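Asks: Next input, structure requested:
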Amino acid sequence: MVLAELGGSITRALQQMSNATVIDEKVLNECLNEITRALLQSDVQFKLVRDMQTNIKKIVNLDDLAAGHNKRRIIQQAIFNELCKMLDPGKPSFTPKKGKPSVVMFVGLQGSGKTTTCTKYAYYYQKKGWKPALVCADTFRAGAFDQLKQNATKAKIPFYGSYMESDPVKIAVEGVETFKKENCDLILVDTSGRHKQEAALFEEMRQVSEATKPDLVIFVMDSSIGQAAFDQAQAFKQSVSVGAVIVTKMDGHAKGGGALSAVAATKSPVIFIGTGEHMDEFEVFDVKPFVSRLLGMGDWSGFMDKIHEVVPMDQQPELLQKLSEGSFSLRIMYEQFQNILKMGPMQQVLQMIPGFTAELMPQGREKESQAKIKRYMTMMDSMTEEELDSSNPKLMNESRMMRIARGSGRPLREVMEMLEEYKRLAKVWSKMKGLKIPKKGEMSALSRNMNAQHMSKVLPAQMLKQIGGMGGLQNLMKQMNTGSAKDMMGMFGGMDK
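Replies: Sure thing, here's the model as predicted:
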């Protein structure tokens with residue numbers, strides 16, 4: 001994701017400031033100039049950047065700060081607040097309610113990714129227990145209904161459209177009525193796009209809007225136009241009541257930051273950002289966690305939500321128990337691999353961990369590691385129950401390995417590689433033995449410190465340094481919901497290379 005470059009530049013500027021022995025006017029100016037350069041490269045409007053720099057200098061008056069103040073922390077907080085202010089439209093958007101039918105209409109220019117975004121939006125809510133449905137009211141573009149049909153079939157979402165009918169208003173009304181009768185609680189209407197903002201598009205949009213009476217109109221916008229997004233968002237907002245914006249294609253160019261800040265300037269809330277072409281490359285846009293990840297400060301609440309999504313509540317105590325005992329079998333490894341694949345793009349997940357920036361895992365390497373995990377799981381599917389449940393590596397003799405290789409259709413070399421990975425993870429897991437797990441309520445400071453010591457042995461040195469050493473780790477332990485935080489430690493194993 002190209003926004004990672006912006007985040008990396010800002011993080012490096014803050015890191016250089018942290019490494020300075022004395023923080024004076026010169027160090028602060030160098031840090032702010034570096035951040036200004038990064039934002040301008042990301043096509044953020046010059047006036048917004050200049051205002052941000054002025055505001056930070058007003059807040060951080062180095063001469064007036066008393067000797068005991070932590071200047072680094074104050075500067076970092078000021079930068080965080082100003083970036084949040086730049087991206088925050090200052091008003092919330094409509095959120096659908098389960099069980100009550102909500103109609104959402106998607107509008108935007110041609111080629112901005114409306115049809116794909118419709119399906120991603122439906123898929124996101126489907127995973128959360130909603131019953132979504134798609135209506136194709138785009139009769140202008142050849143192949144629009146085929147594309148929606150293909151996407152919806154892949155995501156197992158019901159859809160409605162017509163090859164014969166040319167009136168988009170009629171299709172939209174029929175589709176909405178059909179799905180209301182079927183008790184769908186989220187009905188998404190995909191409308192036509194045009195090559196530019198022309199009167200015919202706005203007139204058609206207005207008619208579809210009046211006929212279907214949507215609860216929310218979402219404007220889908222291509223982020224590659226950068227700060228020109230301001231004019232586009234304003235034009236759409238004046239013709240239909242746009243309640244929210246989704247910015248797409250954030251992974252392909254350097255203008256994403258400019259597009260986000262320009263949309264915020266129109267006072268339209270951005271609710272999601274598209275970060276790739278696959279179904280799960282779609283992120284909720286929440287200003288504070290987003291800026292926090294951008295600055296390499298992580299987003300614990302988002303991380304915990306992901307963990308709860310993939311590790312069901314009833315499995316958590318059992319996993320914690322195995323973790324504290326330090327026993328690790330191939331079956332546990334298989335389950336953890338399943339959890340990692342369920343979490344979606346690994347890059348998104350890693351960004352939620354403080355000290356990690358998206359630059360640490362390039363897109364190509366992520367795809368490679370996911371393919372490797374799937375190969376390992378195929379090999380484990382060829383194992384017996386005894387082999388999966390055993391924690392004795394000596395059980396795997398040559399004849400067993402040959403049988404697994406034949407059964408999974410993989411070379412013997414790869415089976416041996418998978419078993420080496422298992423031994424390495426078992427070693428990491430065994431270091432977690434003796435971890436203190438709270439029965440109820442908060443952990444004591446002593447238990448927390450002991451857990452921090454355990455974690456410091458497991459985490460890679462580079463990550464530990466970025467978190468802020470042992471002190472930073474203890475602070476994180478305080479912040480984390482300690483009970484659910486252990487669920488992820490099994491997943492940390494794969495990073496200790």
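
Asks: So, low pLDDT: which residues of this protein?
Replies: Applying pLDDT under 70 to the chain picks out residues 1-4, 62-69, 194-198, 252-255, 296-326, 344-366, 431-497.

Asks: what about the strands in it?
Replies: Using DSSP state E, the strands of the chain run over 102-107, 132-137, 159-160, 186-191, 216-222, 244-248, 270-274, 282-284.

Asks: Let me have those in a markdown table, adding distance to residue 85 as columns.
Replies: The way it works is simple: take the backbone N, C-alpha and C, and place the C-beta from them, glycine included. As requested, the strands of the chain are exported to a markdown table (distance: least, Cβ to Cβ, whole Å):
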| stretch | distance to residue 85 |
| --- | --- |
| strand 102-107 | 28 |
| strand 132-137 | 34 |
| strand 159-160 | 40 |
| strand 186-191 | 32 |
| strand 216-222 | 21 |
| strand 244-248 | 18 |
| strand 270-274 | 14 |
| strand 282-284 | 20 |
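
Asks: all helices in the stretch 301-450 of the chain, in order from the N-terminus.
Replies: With DSSP state H, counting those that start in this stretch applied, the stretch 301-450 of the chain shows helices at 316-325, 330-342, 346-351, 363-381, 385-389, 398-408, 412-430, 445-458, listed in chain order.

Asks: angle of the fourth one against helix 398-408?
Replies: Between the axis of helix 363-381 and that of helix 398-408 there is an angle of 110 degrees, by axes from the mean of the first three to the mean of the last three Cα atoms, to 10 degrees.

Asks: Would you reformat the strands of the chain as a markdown table and include distance to residue 82 and mean neighbour count?
Replies: Compiled in a markdown table, the strands of the chain are given as follows (distance: least, Cβ to Cβ, whole Å; neighbours: other Cβ atoms under 10 Å):
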| stretch | distance to residue 82 | mean neighbour count |
| --- | --- | --- |
| strand 102-107 | 32 | 24 |
| strand 132-137 | 37 | 28 |
| strand 159-160 | 44 | 24 |
| strand 186-191 | 36 | 29 |
| strand 216-222 | 24 | 24 |
| strand 244-248 | 20 | 26 |
| strand 270-274 | 18 | 23 |
| strand 282-284 | 22 | 19 |
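
Asks: so residue 341 touches residue 376, yeah?
Replies: No: Residue 341 lies out of contact with residue 376 (Cβ atoms under 8 Å); the separation is 11.0 Å.

Asks: Looking at these two, which is more packed in?
Replies: Per other Cβ atoms under 10 Å, whichever of residue 341 and residue 376 has more neighbours is residue 376, with 23 against 14.

Asks: Now that one: closest residue in space, sequence neighbours ignored.
Replies: Leaving aside its chain neighbours, residue 376 sits nearest to residue 418 (4.7 Å; criterion: Cβ to Cβ, 6 or more residues apart in numbering).

Asks: so the one you found touches residue 374, yeah?
Replies: No: counting by Cβ under 8 Å, residue 418 sits too far from residue 374 to count as a contact (11.6 Å).

Asks: the more surrounded of those two?
Replies: Per other Cβ under 10 Å, whichever of residue 418 and residue 374 has more neighbours is residue 418, with 22 against 11.

Asks: most distant residue from the middle of this structure?
Replies: Residue distances from the centre of the chain (Cα atoms, centre = their mean) peak at residue 399, which lies 43.5 Å from the mean C-alpha position.

Asks: mind checking how far it is from residue 376?
Replies: 20 Å (Cβ to Cβ, to the nearest Å).

Asks: What ranges does the stretch 51-200 of the chain have for its helices?
Replies: Along the stretch 51-200 of the chain, counting by DSSP H, counting those that start in this stretch, helices occupy 71-87, 114-127, 144-155, 168-181, 199-212.

Asks: Among those, which comes closest to residue 409?
Replies: helix 144-155 (26.0 Å; Cβ to Cβ).

Asks: Tell me which other helices or strands the closest one touches.
Replies: For helix 144-155, the packing partners by 3 or more Cβ pairs under 8 Å, 6 or more residues apart in numbering; DSSP states H and E come out as helix 114-127, strand 132-137, strand 159-160.

Asks: Extract the C-alpha trace of it and format it as PDB.
Replies: What follows is the C-alpha trace of helix 144-155 in PDB, where atoms were taken according to Å, rounded to 0.1, in the frame of the first residue of the first chain:
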ATOM      1  CA  ALA A 144     -22.000  -4.000 -15.700                       C
ATOM      2  CA  PHE A 145     -24.600  -6.600 -14.700                       C
ATOM      3  CA  ASP A 146     -22.200  -9.400 -15.700                       C
ATOM      4  CA  GLN A 147     -19.500  -8.000 -13.400                       C
ATOM      5  CA  LEU A 148     -21.900  -7.600 -10.500                       C
ATOM      6  CA  LYS A 149     -23.300 -11.100 -11.000                       C
ATOM      7  CA  GLN A 150     -19.800 -12.600 -11.100                       C
ATOM      8  CA  ASN A 151     -18.700 -10.700  -7.900                       C
ATOM      9  CA  ALA A 152     -21.900 -11.500  -6.000                       C
ATOM     10  CA  THR A 153     -21.800 -15.200  -6.900                       C
ATOM     11  CA  LYS A 154     -18.200 -15.400  -5.700                       C
ATOM     12  CA  ALA A 155     -19.200 -13.800  -2.400                       C
END
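
Asks: That helix versus strand 186-191: what angle between them?
Replies: Helix 144-155 runs at 150 degrees relative to strand 186-191, counting by the same axes, to 10 degrees.

Asks: Name the residues of helix 144-155 that are buried.
Replies: 144, 145, 147, 148, 151, 152, 155 (16 or more other Cβ atoms under 10 Å).

Asks: out of those residues, who's nearest residue 171?
Replies: The nearest one, if we look at the buried residues of helix 144-155 relative to residue 171 and count by Cβ to Cβ, is residue 145, at 9.2 Å.

Asks: Please list all residues in contact with the closest one.
Replies: 136, 138, 161, 162, 163 (Cβ atoms under 8 Å, 6 or more residues apart in numbering).

Asks: Skip the chain neighbours and tell me the closest residue to the second one.
Replies: Nearest non-adjacent residue to residue 138, counting by Cβ to Cβ, 6+ apart: residue 144, 3.9 Å away.

Asks: What is the burial count for the closest residue to residue 331 other than its chain neighbours?
Replies: Closest residue to residue 331 in three dimensions, ignoring its sequence neighbours and counting by Cβ to Cβ, 6+ apart: residue 388, at 4.3 Å. Counted with other Cβ under 10 Å, residues neighbouring residue 388 total 15.

Asks: do the same with residue 381
Replies: For residue 381, the tally of surrounding residues (other Cβ under 10 Å) stands at 12.

Asks: pretty sure it is in contact with residue 408, am I right?
Replies: Yes: when contacts are counted by Cβ under 8 Å, residue 381 is listed as touching residue 408 (6.8 Å).

Asks: Please list all residues in contact with the nearest residue to residue 268 once chain neighbours are set aside.
Replies: Here the nearest residue to residue 268 in space, its sequence neighbours aside, is residue 245; by Cβ to Cβ, 6+ apart that works out to 4.9 Å. By Cβ under 8 Å, 6+ apart, the residues touching residue 245 are 218, 219, 220, 221, 233, 263, 268, 269, 270, 271.

Asks: And residue 100, by the same measure?
Replies: By Cβ under 8 Å, 6+ apart, the contact set of residue 100 is residue 185.

Asks: The one 3 residues further on now?
Replies: Contacts were defined as Cβ under 8 Å, 6+ apart; by that measure residue 103 touches 176, 187, 189, 212, 213, 214, 215, 216.

Asks: how deep is the residue nearest to residue 291 when sequence neighbours are not counted tucked in, by neighbour count?
Replies: The shortest distance from residue 291 to any residue other than its chain neighbours is 4.7 Å, reached at residue 83 (Cβ to Cβ, 6+ apart). When neighbours are counted by other Cβ under 10 Å, residue 83 registers 24.
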